[in-house]
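# Requesting a structural model of the entry that follows:
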Amino acid sequence: MTTPPVIQRWLELIDDGHGGDGGDGGDVTALLAPDAVFYSPAVFTPQEGRDKTAAYLTAAAKLFGGNDFRYVNQWYAERSAVLEFVADIDGIHVNGIDMIEWNQSDEITSFKVMLRPFKALQTVIPKMAELLGN
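Predicted coordinates:
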């Protein structure tokens, strides 16, 4: 199956942010539906709305950029995808998945992140909190 257009745009945005120039991956907001929801591996409550979702995705792009972040597997359905990634942060191997759903307008409606192992989650949580100003 070919890469769905919305996922292709996401991958291009991520690649732009990891080009070694220290960029933040550009503006993710254009990819998001107004009612987009972000599900963090570290926060129990869903983060609802385009602005909150964009804030989390931008912070994640800053955290993972330059840390050998790369997608290693991808699975697609009609309006959803699962992208498996790896990275190394402060010497800790991070393995996770992005579960992405989108609407008929090719806008992301749901972005769920899962991380393993537990030590990776312990490494990522305080860094994301700092980037988000929490």
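
# Using the three-state scheme, assign the residue nearest to residue 83 when sequence neighbours are not counted.
Leaving aside its sequence neighbours, residue 83 sits nearest to residue 98 (CB to CB, 6 or more residues apart in numbering; 4.6 Å). All C-beta atoms are positioned from the backbone trio N, CA, C, and that covers glycine. Residue 98 carries the three-state label strand when classified by DSSP: H, G, I helix; E, B strand; the rest coil.

# Residue 34 now?
Three-state assignment for residue 34 (three-state DSSP): strand.

# just to revisit the earlier point, could you report the neighbour count for the residue nearest to residue 83?
20 (other CB atoms under 10 Å).

# same question, the one 5 residues further on
A count of neighbours around residue 103, defined by other CB under 10 Å, yields 14.

# same thing with the one 3 residues further on?
Applying other CB under 10 Å, we find 15 residues neighbouring residue 106.
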